[in-house]
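In: Build me a model from this:
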Amino acid sequence: MNADGRRTEDALELLSAPAEWDLPPERHLHHKDVLMQQIDQDLGHASAPAPRRRLTRPTVLVPLASAALAAALAAVTLTGPGGSHGPAPEDRAATGSARAQNASVTLNRIAVAAMASDVTPVREDQFVYVRSLAVSNKGTFEGPVELGAPHTVESWTSQDPRPLKTTGWMRESGKDAVMPDETIPIESTEAVPAGIDHPTYAWLSSLPTDPDALLTRLRHDVHVFDGESREQAVFSLIGDLLSQTLMPPRNTAALYKAAARIPGVKEIPDAVDVAGRHGIAITRDDPSSATRDEWIFDKHSLAFLGARGFITHDKQKGITSDTLMGSTAVLERAVVDEHGEKAATGAES
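Out: Numbering: from 1, shown residues only. Predicted coordinates for the structure are as follows:
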């Protein structure tokens with residue numbers, strides 16, 4: 001078998017690999033698109049576009065169009081703390097310590113606010129519907145970061161606790177959407193029971209509400225990507241759960257309190273999601289994977305708005321400071337009776 005045939009066979013094998021919750025629906029489909037492009041290239045389809053680079057977490061999930069959006073997307077590269085005009089080392093250390101302390105206080109405030117939220121329990125025969133706005137990297141694996149246009153991502157997560165090969169569906173629409181306006185199943189070759197890879201309302205309800213016990217559980221169960229620290233994997237997993245699911249307020253609060261215990265978590269006083277909404281951000285920089293994840297919350301209600309993902313350095317690509325790889329904004333969350341349904345019958349973000 002030649003090299004092209006081998007890559008095509010590898011791609012087909014990856015397409016049928018078990019799904020993991022570490023890849024939320026939009027990233028799952030993105031990988032599928034990349035692999036299909038590779039297959040087209042290997043089979044000699046000259047018109048196939050170049051494959052996109054794998055997005056860093058949380059590619060990240062999702063957010064809205066406004067006049068501020070263009071400015072937010074234009075400012076892709078940010079000046080890092082090590083720049084020539086940055087503060088003195090002792091000042092940076094003091095600032096970092098204060099940001100870490102502020103993050104813990106803010107996350108506990110967010111947890112208190114979450115406890116006051118009103119969430120309708122989700123039945124096993126229903127679906128959690130999430131509508132988001134997303135922007136992601138559409139550049140090639142070898143090339144620089146190239147952010148695509150904001151587009152809508154809708155997902156329907158099955159609440160059936162039985163082992164399933166199809167755990168949900170998703171649909172993208174708008175410019176730079178993958179397979180626009182088609183409802184695509186999120187599938188696995190092996191049946192996936194309710195759990196970390198298929199987080200139903202009932203399973204989330206069963207998690208420990210003690211923050212320390214919850215953090216221990218997540219550290220044990222989380223899937224860790226190559227080059228990524230376990231702490232960052234847990235931070236990203238919590239962000240994915242907060243973005244893409246519904247759960248009882250006590251469990252949401254426990255996730256925020258658990259996040260406050262993760263080393264390296266800091267606060268940013270002002271951040272903008274892809275919808276142009278300003279908020280307080282909680283972030284964690286992971287030197288192991290050269291990535292930084294960011295969650296954004298409304299400054300007044302403390303409601304979760306969205307997330308951003310950055311690559312902090314890449315010598316091969318000449319990246320020396322934070323470069324946005326993707327952003328998301330959660331626009332609506334609801335409980336529906338059928339996948340593909342938009343009408344809300346329960347909780348909404």
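In: Can you tell me which helices and strands the strand ranked longest in the chain packs against?
Out: Secondary structure of the chain read by DSSP state E shows that its longest strand is strand 323-336. When contacts are defined as 3 or more Cβ pairs under 8 Å, 6 or more residues apart in numbering; DSSP states H and E, strand 323-336 sits against strand 127-136, strand 304-311. C-betas here are computed from N, CA, C, even on glycine.
In: Neighbouring strands of the shortest one in the sheet, and parallel or not?
Out: Read it as strand 304-311. strand 291-297 (antiparallel), strand 323-336 (antiparallel) (DSSP bridges).
In: Kindly format the C-alpha coordinates of the longest one as CSV.
Out: Which is strand 323-336. The C-alpha coordinates for strand 323-336 follow below in CSV (Å, rounded to 0.1, in the frame of the first residue of the first chain):
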residue,chain,number,x,y,z
THR,A,323,-3.0,34.4,19.3
LEU,A,324,-6.8,33.7,19.2
MET,A,325,-7.6,30.3,17.8
GLY,A,326,-11.3,30.3,18.3
SER,A,327,-14.2,31.8,20.3
THR,A,328,-17.8,30.9,21.2
ALA,A,329,-20.8,32.6,22.6
VAL,A,330,-23.8,30.7,24.1
LEU,A,331,-26.9,32.4,22.8
GLU,A,332,-29.6,30.0,23.9
ARG,A,333,-30.0,26.9,26.0
ALA,A,334,-33.3,24.9,26.1
VAL,A,335,-34.9,21.6,26.6
VAL,A,336,-36.7,20.1,23.6
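In: Would you mind listing the buried residues in that strand?
Out: Across strand 323-336, burial judged by 16 or more other Cβ atoms under 10 Å covers 323-331, 333-336.
In: can you give me the angle it makes with strand 127-136?
Out: Per axes from the mean of the first three to the mean of the last three Cα atoms, to 10 degrees, the angle that strand 323-336 makes with strand 127-136 is 160 degrees.
In: Quick one: the strands in this structure, in order.
Out: Counting by DSSP E, the strands of the chain are 127-136, 151-158, 164-173, 184-192, 265-272, 278-286, 291-297, 304-311, 323-336.
In: Out of the helices and strands packed on strand 323-336, the one nearest residue 108 is which?
Out: strand 304-311 (15.2 Å; Cβ to Cβ).
In: now the closest one against strand 265-272, angle please.
Out: Using the same axes, to 10 degrees: strand 304-311 against strand 265-272 is 100 degrees.
In: Strand 304-311 - what's its average pLDDT?
Out: Per-residue pLDDT over strand 304-311 has a mean of 94.
In: try stretch 107-119
Out: Averaged over stretch 107-119, pLDDT sits at 95.
In: Lowest-scoring secondary structure element of this structure by mean pLDDT?
Out: Ranked by mean pLDDT, DSSP states H and E, the weakest helix or strand in the chain is helix 67-74, scoring a mean of 31.
In: In JSON lines, list the strands paired with strand 304-311 along with mean pLDDT and distance to residue 218.
Out: As requested, the strands paired with strand 304-311 are exported to JSON lines (pLDDT from 0 to 100; distance: least, Cβ to Cβ, whole Å):
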{"stretch": "strand 291-297", "mean pLDDT": "95", "distance to residue 218": "15"}
{"stretch": "strand 323-336", "mean pLDDT": "93", "distance to residue 218": "21"}
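In: and of those strands, who's closest to residue 176?
Out: strand 323-336 (11.7 Å).
In: what's the angle from the closest one to strand 151-158?
Out: 50 degrees.
In: State the distance from residue 189 to residue 244.
Out: Using Cβ to Cβ, to the nearest Å, one obtains 22 Å as the distance from residue 189 to residue 244.
In: okay, those two: which has more neighbours?
Out: Set residue 189 next to residue 244 and count neighbours by other Cβ atoms under 10 Å: residue 244 wins out with 24 against 12.
In: Roughly how far does that one sit from residue 205?
Out: 16 Å.
In: Could you do residue 342 as well?
Out: 25 Å.
In: Tell me which of those two has more neighbours.
Out: residue 205 (14 against 11).
In: If we ignore the residues flanking it in sequence, what's nearest residue 254?
Out: Excluding the flanking residues, the one nearest residue 254 by Cβ to Cβ, 6 or more residues apart in numbering is residue 209, at 4.5 Å.
In: Neighbours of the one you found, how many?
Out: So residue 209, with other Cβ under 10 Å, has 16 neighbours.
In: Assess the claim that it and residue 247 are in contact.
Out: No - using Cβ atoms under 8 Å, residue 209 makes no contact with residue 247, being 10.7 Å away.
In: Please consider this matter closed, and thank you.
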